[in-house]
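A.B. asks: Here is a sequence together with a model predicted from it:
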Amino acid sequence: MRKKDTFRHIKAAIIFLTGVIVFGTIGYIVIEKWNFIDSFYMTIISITTTGFEEVHPLSHTGKIFTILIIVFGISAIAYTAGRATQYFIEEYFFRSRRMMEKIRKLKDHYIVCGFGRMGKQICKELKNNGASFVVIESNPEQQETLKESGYLYIEGDATNDETLIESGVKRAKGLVSVVEKDADNIFVTLTARDLNRNLFIVTRAINEGSERKLIKAGANRVIKPYELGGHRMVQMLLRPYVVDFIDIVGKRGVYNLAMEEIQVEDGSILVGSKIAETPIRRELNIIVIAIYTKEGKFIYNPGPNVIIQSNDTLIVIGEENNINKLKNIARG
């Protein structure tokens, strides 16, 4: 409401200033019998107090009229400039405050540290998957890009405790750190792990030897882009259709097919049931590729008689709408 009031005042100020210019121009035409250009020019140099010489000698009435134009003109300019400045300052602070309010409401979200080339792609994928996230970036150039992106973000250093706390690290589900230097990624990981022991942390390692340090700092997964890229390119050479299929199920909205992991919670009808007895395959036409047990073991291609336990994680492939139904069943 206050923003609308300020904008309304700006419009009123501009109308007032325009009125002074029109009034001054007409006044010189009537009082001094000047042409339109000379009258308009005299009005502009009077209200802006630029100090240029008079177009023509002024009559006594013209001098009094000029004094009035100067007073009203300066007042109009000052009022317009003040309201415009107020509007832009309020716009900046209101936008920042609104963003911080949205960030404070986030829960089970993800934090992206770094908005470089990889950070941008991570944000794009998170958005495509419907995940809530906030970006932390310290580079002013990248911050300008962030403002245009529409993402929630914080301007600051991700290695700083306060910045991570502002991003909601204590309420977050996961964090990915792709800042420029490995040393900074290590420090971000160490700080984030200290603030949230249950946070799932994925980070990037560029240099050899950094992976071990990142794991020790508390990272759950470490990605080495060159190694990963090389591995993927070889897989494309040797098994192109396998890679294509994985890409299809990994991208939302393609063929309405998705691969997902679903945790079975206490109270779900799935707990204690054999796979064949559940609606997973029979009604939802979902394939269970593997089960990750609470003991930390994988059961690959589980048979129909495998019993689902509480806190098991089902890795499945199926249509997105059916997977969403299975998620509801797994919640209990």
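C.D. replies: Received, thanks. Quick caveat: nothing in here was measured; it's all calculated off a predicted structure.
A.B. asks: What about Ile111, how many residues nearby?
C.D. replies: 27 (other Cβ atoms under 10 Å). The C-beta positions use only the backbone N, C-alpha and C, and glycine is treated the same way.
A.B. asks: Wasn't it part of a strand?
C.D. replies: Yes - according to DSSP: H, G, I helix; E, B strand; the rest coil, Ile111 belongs to a strand.
A.B. asks: Going forward, the N-terminal residue is numbered 21.
C.D. replies: Noted, 21 is the first residue going forward, which turns the last one into Ile131.
A.B. asks: Not counting sequence-adjacent ones, nearest residue to it?
C.D. replies: Leu195 (4.4 Å; Cβ to Cβ, 6 or more residues apart in numbering).
A.B. asks: Could I have the CA atoms of the host helix or strand of that neighbour written out in CSV?
C.D. replies: Using DSSP states H and E, Leu195 sits in strand 194-197. What follows is strand 194-197, C-alpha atoms only, in CSV (Å, rounded to 0.1, in the frame of the first residue of the first chain):
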residue,chain,number,x,y,z
GLY,A,194,20.3,-30.1,1.3
LEU,A,195,23.2,-27.8,0.2
VAL,A,196,25.3,-27.8,-2.9
SER,A,197,28.5,-25.8,-2.9
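A.B. asks: What is that strand packed up against?
C.D. replies: strand 130-133, helix 202-215, strand 220-224 (3 or more Cβ pairs under 8 Å, 6 or more residues apart in numbering; DSSP states H and E).
A.B. asks: just the helices in this structure please.
C.D. replies: Counting by DSSP state H, the chain has helices at residues 22-52, 56-67, 80-125, 137-148, 160-169, 181-186, 202-215, 230-237, 245-258, 260-270, 299-302, 340-351.
A.B. asks: Could you single out the most deeply buried of these?
C.D. replies: Highest mean neighbour count among these (mean count of other Cβ atoms under 10 Å): helix 202-215, with a mean of 21.
A.B. asks: thinking again about what came up before, can you lay out the helices of the chain as TSV showing mean pLDDT and distance to Lys317?
C.D. replies: Shown next, in TSV, are these (pLDDT from 0 to 100; distance: least, Cβ to Cβ, whole Å):
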stretch	mean pLDDT	distance to Lys317
helix 22-52	80	57
helix 56-67	86	81
helix 80-125	81	37
helix 137-148	93	29
helix 160-169	82	41
helix 181-186	95	33
helix 202-215	96	25
helix 230-237	94	20
helix 245-258	93	24
helix 260-270	86	23
helix 299-302	93	20
helix 340-351	93	19
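A.B. asks: Indicate which one of the ones you listed is closest to Val154.
C.D. replies: With Cβ to Cβ, the closest approach to Val154 among these belongs to helix 80-125: 5.4 Å.
A.B. asks: helices or strands next to that closest one in the packing?
C.D. replies: Using 3+ Cβ pairs under 8 Å, 6+ apart: helix 80-125 touches helix 22-52, helix 56-67, strand 172-175.
A.B. asks: residues in contact with the residue nearest to Asn331 when sequence neighbours are not counted?
C.D. replies: Spatial nearest neighbour of Asn331, excluding adjacent residues (Cβ to Cβ, 6+ apart): Lys314 at 4.1 Å. Applying Cβ atoms under 8 Å, 6 or more residues apart in numbering, one finds that Lys314 lies in contact with Gln329, Ser330, Asn331, Asp332.
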